[in-house]
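Colleague: Return a 3D structure for these sequence lines:
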Amino acid sequence: MDNVRVRDVLIPLDKYPHLPYWFTLRQAMAEMESARLEINGRTSLPRMILIFDEKYQLMGMARRRDILRGLEPTFLREKPVEHRKELWDVPIDSNLSEFSFSSVINAVIKRASETPISNVMLPIKATVNNDDHIVRVIYEMNKHNLSMLPVLQDDRIVGVVRSVDIFHEIAKVIVE
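Modeller: This is a model prediction of the structure:
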């Protein structure tokens, strides 16, 4: 672990899902659903998607839950969480549940899925450099409460580093 650098554990940008800011939530979901990350013989699904501008500059990222928040009906988003909870505390007629589900999906969620991903993206809070030691990654992830960081080399993004991969790297030393 003494010499382990970010470049040793990063996922290259061409292997991590990313898209332009004008793509829709639907397109972001399709990209994330089709992505599979093969790391150290293990397959995992991405939890975030990177978002770029026209000049391929990183603008932000969106987690799965940010995309789901963007799909939530507007009338729910505008209310405090306590009020939203009350809406679900009503008995439901099982004869109407299929009708109401399909109408919500078709009328509300599918329409919301055409919202640009930039409406729900999060700004980039921190980055690390390709040559940084993985201890720097731990520090930045903890400081900013993140599970993934973009990796820069010569001021351009070359990939991402995830907490699960840092954890795995450190576990190899500690658990052995």
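Colleague: any idea of the pLDDT on the most centrally placed residue in the chain?
Modeller: The chain has M48 as the residue nearest its centroid, 1.7 Å off, counting by Cα atoms, centre = their mean. At M48, the pLDDT value in this model is 94.
Colleague: ditto for S113
Modeller: Reported pLDDT for S113: 93.
Colleague: before we move on, what about M32?
Modeller: At M32, pLDDT is 94.
Colleague: again with R42
Modeller: Reported pLDDT for R42: 80.
Colleague: Where does the prediction get shaky in the protein?
Modeller: 1-2, 75-105 (pLDDT under 70).
Colleague: Would you map the strands across it?
Modeller: 11-12, 18-20, 37-39, 42-44, 48-52, 58-63, 122-123, 128-129, 148-153, 156-162 (DSSP state E).
Colleague: Could you pull out the buried residues of stretch 112-120?
Modeller: 112-113, 115-117, 120 (16 or more other Cβ atoms under 10 Å). All C-beta atoms are positioned from the backbone trio N, CA, C, and that covers glycine.
Colleague: before we move on, what about stretch 26-40?
Modeller: 26-29, 31-32, 37.
Colleague: Of those residues, which pair is most distant in space?
Modeller: The largest separation in the buried residues of stretch 26-40, counting by Cβ to Cβ, is between R26 and L37 at 21.6 Å.
Colleague: my guess is the residue nearest to the centre of the chain contacts M148, does it?
Modeller: Yes: assessed by Cβ atoms under 8 Å, M48 is found in contact with M148 at 5.5 Å.
Colleague: which neighbours do these two share?
Modeller: The contact sets of M48 and M148 overlap at M61 (Cβ atoms under 8 Å, 6 or more residues apart in numbering).
Colleague: now, which of the buried residues of stretch 112-120 lie within helices?
Modeller: A112 (DSSP state H).
Colleague: Closest to M59 out of the buried residues of stretch 112-120?
Modeller: The closest of these, once distances to M59 are taken by Cβ to Cβ, is I117, at 9.7 Å.
Colleague: Now do the contacts for that closest one.
Modeller: 19, 21-25, 27-28, 49, 51, 62, 67, 70.
Colleague: again, 7 Å this time
Modeller: Contact analysis of I117 by Cβ atoms under 7 Å, 6 or more residues apart in numbering lists 19, 21, 23-25, 28, 51, 62.
Colleague: and what of A126?
Modeller: 140, 144, 146, 149 are the contacts of A126 under Cβ under 7 Å, 6+ apart.
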